[in-house]
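Q: Here is a sequence with its predicted model. Questions after.
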Amino acid sequence: AKASFHLAVALVFCSCSPVIMLFAWAYFAVGGLSFGYLVVFAETRKPDMGGNFWVKALRHIYAGLAIYVLLMTGIVARATSARAPSLAAAAALGALAMGVARFESLVWEALPFEAIAEVDFAEGASAPFSKRAYVQPECVIDHAEEHHEKAPASSGHGYEKRSDGTD
């Protein structure tokens with residue numbers, strides 16, 4: 001998340017001074033080498049927490065966009081004596097605020113119960129949720145192929161009945 005914010009700051013200020021891209025390149029080159037080593041050789045395996053980090057990175061991108069809009073509004077205001085161009089540039093903050101509000105209204109940590117129930121009813125689930133298990137069709141060992149027999153057609157949803165009669 002910190003790297004995404006550094007990238008946003010570098011991209012914002014490269015409009016004012018392109019030399020900053022040299023420093024940004026050096027920062028990310030060293031970071032790529034060091035994190036590449038750490039991930040492969042020094043870090044232990046951890047559970048995936050990508051959702052939290054992804055959301056934080058997107059918030060940093062929104063912050064970078066806000067900085068960029070403010071910077072460009074200031075540059076336009078300084079370049080012209082008329083107020084209309086700088087007000088037009090500042091209007092982008094309204095669109096950005098609407099985007100942030102829409103992003104923050106998303107439920108990403110957990111699905112609402114209504115959405116889960118809707119998916120269950122759409123699949124025609126008859127067994128209780130705790131007794132069903134998803135099995136990816138590609139991972140099912142087809143014993144019919146071993147005996148050179150034709151396998152029965154699968155419904156494709158992965159909830160096939162086992163040979164012992166349970167789901």
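A: Received it, and whenever you're ready, just let me know what you need. All values reported here derive from a predicted model rather than from experimental measurement.

Q: Flag every buried residue along whichever strand or helix holds Ala63.
A: With secondary structure defined by DSSP states H and E, Ala63 is part of helix 50-79. Neighbour-count burial for helix 50-79 flags 55, 57, 59-62, 64-69, 72-73, 76-77 (criterion: 16 or more other CB atoms under 10 Å). Bear in mind the C-beta positions are built from the backbone N, C-alpha and C, glycine included.

Q: Quick one: list the elements packing against it.
A: When contacts are defined as 3 or more CB pairs under 8 Å, 6 or more residues apart in numbering; DSSP states H and E, helix 50-79 packs onto helix 2-13, helix 84-90, helix 92-104.

Q: want to try CSV for the ones you listed, with mean pLDDT and mean neighbour count as columns?
A: Shown next, in CSV, are those (pLDDT from 0 to 100; neighbours: other CB atoms under 10 Å):
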stretch, mean pLDDT, mean neighbour count
helix 2-13, 82, 17
helix 84-90, 90, 14
helix 92-104, 93, 12
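
Q: Which among those helices is found nearest to Leu33?
A: helix 2-13 (13.4 Å; CB to CB).
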